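Peer 1: curious how this folds, go ahead:
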Amino acid sequence: MDSETIRDILSKKFSPHFIEVLDESNQHEGHPEARKSGGGHYRLILVSDYFEGKSLLERHRAVYETLGIDKSDYIHALAIRACTVKEWEGMDGSK
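Peer 2: Model (predicted):
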């Protein structure tokens, strides 16, 4: 699985206002756990009204479930920034 596939899967579920998936796997070459699992390291920014009224934990769980992370080994690490459109606009859309 690559960043484009992750983006496509999440876009179908969350209808994002903004989505960015960065593959940071090359920054973790030689990391012992990454070698074992073979999965990639990704950084995600996902802005969606889907997250309205949901806690941070609920947001992260929704992303994990959508990607099936607990059942696969294609993702070793995923840093998630999940926010609503209002929260994102309050940050001036900054990363």
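
Peer 1: from now on I want contacts and neighbour counts done on CA atoms only, so please keep to that.
Peer 2: OK.

Peer 1: least confident secondary structure element in the chain?
Peer 2: helix 32-37 (a mean of 52; mean pLDDT, DSSP states H and E).

Peer 1: mind listing the helices for this structure?
Peer 2: 3-14, 32-37, 56-67, 85-90 (DSSP state H).

Peer 1: V47 is nearest to which of the ones you listed?
Peer 2: Closest to V47 of the helices of the chain, according to C-alpha to C-alpha: helix 85-90, at 5.8 Å.

Peer 1: measure the most centrally placed residue in the chain to A62 for me?
Peer 2: Residue closest to the average C-alpha location in the chain (C-alpha atoms, centre = their mean): L44, at 3.7 Å. For L44, the distance to A62 (C-alpha to C-alpha, to the nearest Å) stands at 13 Å.

Peer 1: so where's the protein uncertain?
Peer 2: Where the chain drops to pLDDT under 70, the residues are 27-39, 70-73, 92-95.
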